[in-house]
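**Q** Quick one: sequence and predicted model below, then my questions.
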Amino acid sequence: MRAVVLRRFGGPGQLRTESVPEPAPREGESVIDVTLAGLNFADLEIREGAYAPPPLPAVLGVDVVGRRRSDGRRVAALLREGGGYAQAAVARDACTVHVPDHIDDAQALGLLEQGSTAYGALVTAGRLRPGESVAVAAAAGGVGHLAVQLALALGARTVAGIASTPAKRRFVRSLGARVAVGAPERLSEELPEGVDLYLDSVGGPALRAGLAALAPFGRLVTIGERGAGPGSSVPVEELTGSSVGVHGFWMRHVLADPALFARTADALFTLAGRGQVRARVDRVVPLDGVGAAHEAMAARETLGKVLVDVRA
Ligand SMILES: NC(=O)c1ccc[n+]([C@@H]2O[C@H](COP(=O)([O-])OP(=O)(O)OC[C@H]3O[C@@H](n4cnc5c(N)ncnc54)[C@H](OP(=O)(O)O)[C@@H]3O)[C@@H](O)[C@H]2O)c1
């Protein structure tokens, strides 16, 4: 089969299409004949060796949609060990969901990894209640644009998005966000009463600015690996002084609980079926285009989800 192989950590040029043997499933795993694979921001950090470096050579990519070879059913799966940028992938059955007929492959893939992250951060960790106000960092991105829509679908009173360019902010407003600003420091001008829930994916000083934007009893949920970087640490007395809280969220803990993962995917597909959540496809690239797509994502050019057509 053809796959994008990483033989050395480094820039996007290290991602090369090769012919490789198909992976073999173990107990509790199945082979999926992949139609589309997804790009995620963490792939860039893994490619550089900066985050969760896998043994090399490696095939990156953590989300796929296609047909399960054993029964021909259309499924989407999250691959914790990678292997997604390939024509066939091995997925744990517990991390695989059937795709309902009303959801096409691109939507299923757009929703599963980034939508589950947005849902987990807002609902499972963030305990979003109807009538609350929500602010979302990187709101035009894969996770962010779904978080904006989910917050509104789940009854948020006001949703604000942070995005770096006017075009991204127009997109964020088109999703229903009342406020779109270029930096979290600007939120207080638009929402002086503060926000109840802030979804951070940037970390560092942006996390601290998000914390300052919270109303009393507000919660900040951080999902970014970069959130552990310099400038992120928050003195506990600062939390007490403002009556606010910080919560972490990691998809691995959803995947470790198959019933929670199934409920999360079901909620997303149901909302998508009602037209309340829709993944925006930024671009669809062939396997040979994965390196260029990594470059575009690193340059902050992508809005929504980047897909890889592994048959092209
Ligand atoms: N905790 C988890 O389980 C989990 C799961 C999935 C994803 N994540 C995290 O969620 C975040 C979003 O992931 P995604 O795949 O949906 O990516 P994405 O949001 O589509 O792309 C990243 C966006 O982050 C913003 N950004 C801020 N600082 C940046 C920088 N220094 N370099 C590049 N971009 C920067 C950019 O938006 P602007 O130009 O608008 O600033 C960029 O478009 C990532 O941090 C990812 O690691 C966490």
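**A** Good, I have the coordinates. Numbers count the residues shown, from 1 in each chain.

**Q** and Asp57, how many neighbours?
**A** One thing to correct before we go on: residue 57 is Pro, not Asp. For Pro57, the count of nearby residues is 13 (other Cβ atoms under 10 Å). Backbone N, C-alpha and C define where each C-beta goes, glycine included.

**Q** Quick one: neighbours of the closest residue in space to it that isn't next to it in sequence, just the number.
**A** In space, and not counting its chain neighbours, Pro57 is closest to Arg7: 4.7 Å by Cβ to Cβ, 6 or more residues apart in numbering. Using other Cβ under 10 Å, Arg7 has 12 other residues around it.

**Q** what's the answer for Ala279, then?
**A** 25.

**Q** Leu303 is in contact with that one, correct?
**A** No - Ala279 lies out of contact with Leu303 (Cβ atoms under 8 Å); the separation is 11.1 Å.

**Q** Report the set of residues contacting both of the two.
**A** Common contacts of Ala279 and Leu303, defined by Cβ atoms under 8 Å, 6 or more residues apart in numbering, comprise His145.

**Q** Contacts only, for the closest residue to the ligand within the chain.
**A** Closest to the ligand within the chain is Gly141: 1.9 Å, counting by Cβ to the nearest ligand atom. Residues in contact with Gly141, defined by Cβ under 8 Å, 6+ apart, are 41, 201, 302-304.

**Q** Mind putting those residues into a markdown table with neighbour count?
**A** Output for the contacts of Gly141, formatted as a markdown table (neighbours: other Cβ atoms under 10 Å):
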| residue | neighbour count |
| --- | --- |
| Phe41 | 21 |
| Ser201 | 29 |
| Thr302 | 20 |
| Leu303 | 21 |
| Gly304 | 21 |
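
**Q** Show me those that map onto strands.
**A** Among those, no member falls in strands (DSSP state E).

**Q** among those residues, which are in reach of the ligand?
**A** Applying Cβ under 6 Å from any ligand atom to the contacts of Gly141, one finds that 41, 201, 302 fall near the ligand.

**Q** Give the burial count for the spatially closest residue to the last one that is not a sequence neighbour, as a bare number.
**A** Leaving aside its chain neighbours, Thr302 sits nearest to Asp282 (4.6 Å; criterion: Cβ to Cβ, 6+ apart). By the criterion of other Cβ under 10 Å, Asp282 has 22 neighbours.

**Q** Report whether the expected contact of Asp282 with Phe171 is present.
**A** No - applying Cβ under 8 Å as the test, Asp282 and Phe171 come out as separate, 10.3 Å apart.

**Q** isn't Ala206 right up against Leu199?
**A** No - using Cβ under 8 Å, Ala206 is not in contact with Leu199, being 11.6 Å away.

**Q** all strands of the stretch 201-312 of the chain, in order?
**A** 214-222, 245-248, 281-286, 305-309 (DSSP state E, counting those that start in this stretch).

**Q** and the stretch 201-312 of the chain, which of its residues are near the ligand?
**A** Where the stretch 201-312 of the chain comes near the ligand, counting by Cβ under 6 Å from any ligand atom, the residues are 201-202, 223-225, 249-251, 297, 300, 302.

**Q** nope, the stretch 51-200 of the chain is what I was after
**A** So far as Cβ under 6 Å from any ligand atom goes, the stretch 51-200 of the chain lies against the ligand at 114, 117, 138, 140-144, 163-164, 168.

**Q** Next, the buried residues of stretch 233-241.
**A** Residues of stretch 233-241 classed as buried: none (neighbour count, 16 or more other Cβ atoms under 10 Å).

**Q** Repeat that for stretch 179-192.
**A** 179-181, 184-187, 191.

**Q** and the residue nearest to Gly182 when sequence neighbours are not counted, how many neighbours?
**A** Spatial nearest neighbour of Gly182, excluding adjacent residues (Cβ to Cβ, 6+ apart): Ser164 at 6.2 Å. Other residues within reach of Ser164, judged by other Cβ under 10 Å, total 12.

**Q** Give me the common contacts of Asp282 and Phe171.
**A** With Cβ under 8 Å, 6+ apart, Asp282 and Phe171 have common neighbours Leu303.

**Q** Okay, domains of the chain per the record?
**A** 2-113+259-309, 127-248 (automatic domain parsing).

**Q** hey, least reliable of these by pLDDT?
**A** When the domains of the chain are ranked by mean pLDDT, domain 127-248 comes last with a mean of 94.

**Q** Can you check the distance spanned by that one, start to finish?
**A** Counting by Cα to Cα, to the nearest Å, you get 13 Å between the two ends of domain 127-248.

**Q** Kindly report the same for stretch 239-252.
**A** 27 Å.

**Q** Can you give the contact residues for that stretch?
**A** By Cβ under 8 Å, 6+ apart, the residues outside stretch 239-252 that reach it are 78, 80, 113, 116-117, 120-121, 124-126, 211, 214, 216-223, 227, 234.

**Q** make it 6 Å
**A** Here stretch 239-252 makes contact (Cβ atoms under 6 Å, 6 or more residues apart in numbering) with 117, 120-121, 125, 214, 216-223, 234.
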